[in-house]
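A.B. asks: Here is a sequence together with a model predicted from it:
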Amino acid sequence: MCLAIPALITKIYGQQADVDIEGVSREVSLQLTPEAKVGDYVLLHTGYAISIIDAAEAEETLQLLRQLSEAS
Amino acid sequence: MKFVNEYRDPELGKKLIDRIHRRSKKPTRLMEFCGGHTVAIFKHGLRQLLPDNIEMISGPGCPVCVTASADLDKAIALARLPNVIITSFGDMVRVPGSYSSLQKAKADGADVRVVYSAQDALTIARENPDKSVVFIGIGFETTAPTIAASVLQAEQQKISNYYILSLHKTCPPIMKAILDLGEVRLNGIICPGHVSSIIGSYPYQFIPDDYRIACAVSGFEPLDMLLAIDMLVNQIESGTPDVEIAYRRGVKPEGNIQAIRLMETVFETGEAIWRGIGKVASSGLQIKSRYEKFDADRAFEIDPGPTREPKGCICGSILRGVSTPRDCRLFRETCTPENPVGPCMVSAEGSCATYYHYGDSHGR
């Protein structure tokens, strides 16, 4: 029920945006993430962007995972 | 898919599992609160890969599952009113209430429509000005802000035939209620990912502070979950329970301030009935009087009659983490995804449906 998937914002018009989800285009609401910009990835839940994905944090988590898997 | 595939790397996963095996020594009981996490754990076979001293217990984090029969009966009674269109997320229409379901009401002639989003419900209201369009508002903090946004949009666009039956529930109060019941002893909780995208990680701080139980907020990919379990193991082994975030790309400690603001504009906290748990204070979201014209509870006179629970169904104790679907004598026999007796078999993320689809060959 709380499923949310990453979607790339391709166009913004007012409080609505077009997003790309692996080649599929969809209109979503930005009412919960008004600061989102074209090129941002957002977490899409029931037609609403509920959070902007933090790309820097995503990379840091991957680095942490690599470090942990190498540490004894 | 970007931000998904990277967190499914099997080589990294194996190394993390080895690390957890090396570091986890104490008997450890972890509850994955969220039904989406239960699905992820089963789908990726994580239970079988974890050391024997780690036991995973599924929690009540499935909004469809925890909706009480009395509330379902209300939705079904609303569907039977003349000139009413019911709009609902898909799973909800199949859940049996005391005597019927929204699906059966539809078969009997009620206008029940499955929607993907509250926006779709709003569109139906706009296109049917002579009908009352009621949205069955279920969901936790992930979903409630989207419903709040739709109410504000309805007001802005002067749509006067849009109503919400607010059955929304909030997670930290039910976590507290389950811990206070004391039926299930836990060392750690995997906190829900997308609920936390909205509320952040601070609302869980009472869990390590007051109950000395470890917490980690997790995403939904296997590496997200293994990182969360690794964090919990560290906290448990070192005796320093805390709240950590293993899903930083999607969750900030403070959450989504705008979404919280919208939720608090439209809703106020109140008592809610949880299936299997009962009434829990301050665990529900009710529409504020300022927006009462959108409140289906206030707008319609309905009498759903007395409530009846499905006979033999143990969804309630499964939701409290006390039983597993394997303890239910109806499981796989009379209760299947095609003919569900209880909601935990209906919802795609219900424990019973997850056990049914992904099996549990190790019996754990």
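C.D. replies: Great, that's in hand. Numbers count the residues shown, from 1 in each chain, chains lettered A, B, ... in the order given.

A.B. asks: got a list of what B:Asp327 touches?
C.D. replies: B:Ile314, B:Ser317, B:Ile318 (CB atoms under 8 Å, 6 or more residues apart in numbering or on different chains). Just so you know, the C-beta spots here come from the backbone N, C-alpha and C atoms, and that holds for glycine as well.

A.B. asks: Check the gap between the residue lying closest to the first one once chain neighbours are set aside and B:Gly36 for me.
C.D. replies: Nearest non-adjacent residue to B:Ile314, counting by CB to CB, 6 or more residues apart in numbering or on different chains: B:Cys328, 4.7 Å away. According to CB to CB, to the nearest Å, B:Cys328 and B:Gly36 sit 22 Å apart.

A.B. asks: Need the three-state assignment for A:Leu44.
C.D. replies: strand (DSSP: H, G, I helix; E, B strand; the rest coil).

A.B. asks: And the residue nearest the centre of chain A?
C.D. replies: Note on chain A: the residue nearest the mean C-alpha position is A:Val42, at 2.1 Å, using CA atoms, centre = their mean.

A.B. asks: Compute the number of surrounding residues for the residue nearest to that one when sequence neighbours are not counted.
C.D. replies: Spatially, and ignoring its direct neighbours in sequence, A:Val42 is nearest to A:Ala49 (3.6 Å; CB to CB, 6+ apart). By other CB atoms under 10 Å in any protein chain shown, the residues close to A:Ala49 number 28.

A.B. asks: did I read that right, A:Ala49 in a strand?
C.D. replies: Yes: counting by three-state DSSP, A:Ala49 falls inside a strand.

A.B. asks: Quick one: mean pLDDT over the lengthiest helix in chain B.
C.D. replies: Across chain B, the longest stretch assigned as helix under DSSP state H is helix B:222-238. For helix B:222-238, mean pLDDT is 98.

A.B. asks: helices or strands up against it?
C.D. replies: helix A:55-70, helix B:10-23, strand B:28-34, helix B:35-43, helix B:46-49, strand B:188-191, strand B:214-217, strand B:243-245 (3 or more CB pairs under 8 Å, 6 or more residues apart in numbering or on different chains; DSSP states H and E).

A.B. asks: Nearest to B:Ser98, out of those?
C.D. replies: For B:Ser98, the closest of these is helix B:35-43, at 23.2 Å, according to CB to CB.

A.B. asks: coming back round to it: against A:Ile53, how distant is the residue nearest to the centre of chain A?
C.D. replies: Taken as CB to CB, the span from A:Val42 to A:Ile53 is 6 Å.

A.B. asks: Closest one to chain A out of the contacts of B:Asp327, please.
C.D. replies: B:Ile318 (16.3 Å; CB to the nearest CB).

A.B. asks: so that closest one, which of the three states?
C.D. replies: Going by three-state DSSP: B:Ile318 is helix.

A.B. asks: contacting residues for it?
C.D. replies: Counted by CB under 8 Å, 6+ apart, B:Ile318 has contacts B:Ser58, B:Gly276, B:Thr324, B:Pro325, B:Asp327, B:Cys328, B:Cys344, B:Ser351, B:Cys352.

A.B. asks: surely B:Ala121 meets B:Phe135?
C.D. replies: Yes: with contacts counted by CB atoms under 8 Å, B:Ala121 reaches B:Phe135, the gap being 4.3 Å.

A.B. asks: which residues are common contacts for these two?
C.D. replies: B:Thr87, B:Val115, B:Ser150, B:Tyr162.

A.B. asks: Would you mind giving these as TSV with neighbour count, distance to chain A and secondary structure added?
C.D. replies: Converted to TSV, the shared contacts of B:Ala121 and B:Phe135 look like this (neighbours: other CB atoms under 10 Å in any protein chain shown; distance: CB to the nearest CB, whole Å; DSSP: H, G, I helix; E, B strand; the rest coil):
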residue	neighbour count	distance to chain A	secondary structure
B:Thr87	23	12	strand
B:Val115	20	9	coil
B:Ser150	29	9	helix
B:Tyr162	25	15	strand
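
A.B. asks: out of these, what pair is the most spread apart?
C.D. replies: Most distant of the shared contacts of B:Ala121 and B:Phe135, by CB to CB, are B:Val115 and B:Tyr162, 12.2 Å apart.

A.B. asks: what is in contact with these two at once?
C.D. replies: Common neighbours of B:Val115 and B:Tyr162 (CB under 8 Å, 6+ apart) are B:Ala121, B:Phe135.

A.B. asks: longest strand of the chain?
C.D. replies: Assuming you mean chain A. strand A:5-13 (DSSP state E).

A.B. asks: Not quite, go with chain B.
C.D. replies: If you go by DSSP E, chain B has its longest strand at strand B:278-287.

A.B. asks: What lies in contact with the helix or strand just after that one?
C.D. replies: The C-terminal neighbour of strand B:278-287 among helices and strands, as given by DSSP states H and E, is helix B:296-299. For helix B:296-299, contacts defined as CB under 8 Å, 6+ apart pick out B:Lys74, B:Leu78, B:Ser132, B:Val134, B:Tyr163, B:Ile164, B:Leu165, B:Ser166, B:Gln286, B:Ile287, B:Glu292, B:Lys293.
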